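[1] dropping a prediction and its sequence here:
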Amino acid sequence: MKLPSQFYKPLAIGAPAPFRELPVRTERMIHFFPPQNEKMRAKVPDLISKVDVILGNLEDAIPAEAKEAARAGFIEVVKANDFGQTGLWTRINALNSPWVLDDITEIVSAVGDKLDVIMLPKVEGDWDIHYLDQLLAQLEAKNGIKKPILIHAILETAQGVKNVNEIAAASPRMHGMSLGPADLAASRGMKTTRVGGGHPYYGVLADAEEGQSERPFYQQDLWHYTVARMVDACVANGLRAFYGPFGDFGDERACEAQFRNAFLMGCSGAWSLHPSQIDIAKRVFSPEVNEVLFAKKILDAMPDGTGAVMIDGKMQDDATWKQAKVIVDLAKMVAE
Ligand code: GLV
Ligand code: MG
């Protein structure tokens, strides 16, 4: 239900930049760590040099009895480290949980000047973003925080998917969105116990080739529809889209395949929940050298971006020039 605007008018709505200025850096992986765990906290300095974004997770996967310790551990580790160019995020608990108010007030008051982004789970509509937006505005004002903290929504309920466009447009504080395939599967009543990736039963039977006794079965991407909706909603509002978690840490090929689909469909990055997934994300979300070289050929052949040329037997025009620019710009950003 949308709250009537006469009762609730978020301060930041309609505010001019700098809210919309997303970091000009790659965010190929958002690396999760559990801050209540001392051993994991000790690894943070090393991780800072390895990942694009580091995120202290306070929500799912943190047991109820460790919620306070996770929050305190996050504050401790943030105070103790310089994050340099590495993005610093936290995933707070859901807005209807008993922990979230303390998550927001304690973290923003203690380390809000260092925090880049708050990831908000289980977002169902723009009202969730308005609530957090307003609360952040109050806490930033109270604590003299000059750089606005951005909001990243997890798209992981059927209601959220229904309202994806409104969520993306809800506030100039919006950074982007991640697909949350585990919660979304539960919310939709999908019959799976997996965290992201494909499913052996979700596919199509191909026609049999001559001499083939069995018709081959091809798995399809369960998340295609949602990723496409999310990318369109994000890009239309100047935001970044991300694939979320891949839970089978032992299956690196399947993780890479899922990340690659997301990359091709327009996502900027994915979550890494295990160190092995950091390199997978780096590899997948950085353009390949051959692609970059070919894209550069297109840009060089059409200096003003108009017209039509043939390169290696393939037609290029204004539209492929724009495609090529996406790839070359990303390559430059990765190289910086
Ligand atoms: C992530 O939070 C998910 O539910 O997949
Ligand atoms: Mg979730």
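    All right, it came through fine. Ligands and ions are numbered 1, 2, ... in the order given.

[2] isn't residue 223 right up against residue 181?
    Yes. Between residue 223 and residue 181 a contact is recorded at 5.8 Å, counting by CB atoms under 8 Å. Glycine gets a C-beta too; all of them are placed from N, C-alpha and C.

[3] joint contacts of those two?
    Residues touching both residue 223 and residue 181 (CB atoms under 8 Å, 6 or more residues apart in numbering): residue 196.

[4] give me the more crowded residue out of the two.
    Neighbours per residue, other CB atoms under 10 Å: of residue 223 and residue 181, the larger number sits with residue 181, 26 against 22.

[5] any idea whether the nearest residue to the more buried one once chain neighbours are set aside is helix, strand or coil?
    Nearest residue to residue 181 in three dimensions, chain neighbours excluded: residue 196, at 4.1 Å (CB to CB, 6 or more residues apart in numbering). Under the three-state scheme (DSSP: H, G, I helix; E, B strand; the rest coil), residue 196 adopts coil.

[6] okay, now residue 196: neighbour count?
    Residue 196 is flanked by 27 other residues according to other CB under 10 Å.

[7] need the per-residue pLDDT for it.
    pLDDT for residue 196: 95.

[8] got the contact list for it?
    With contacts defined as CB under 8 Å, 6+ apart, the neighbours of residue 196 are 181-182, 223, 243-247, 258.

[9] roughly how far does it sit from residue 269?
    Using CB to CB, to the nearest Å, residue 196 is found at 14 Å from residue 269.

[10] now do residue 153
    Plainly put, residue 153 is 15 Å away from residue 269 if you go by CB to CB.

[11] next: residue 38.
    According to CB to CB, residue 38 stands 28 Å off from residue 269.

[12] between the two, who's got more neighbours?
    With neighbours defined as other CB under 10 Å, residue 38 and residue 269 compare such that residue 269 has more, 25 against 11.

[13] how about that one, nearest residue that isn't a chain neighbour?
    In this structure, residue 269 finds its nearest non-sequential neighbour in residue 28, 4.4 Å apart by CB to CB, 6+ apart.
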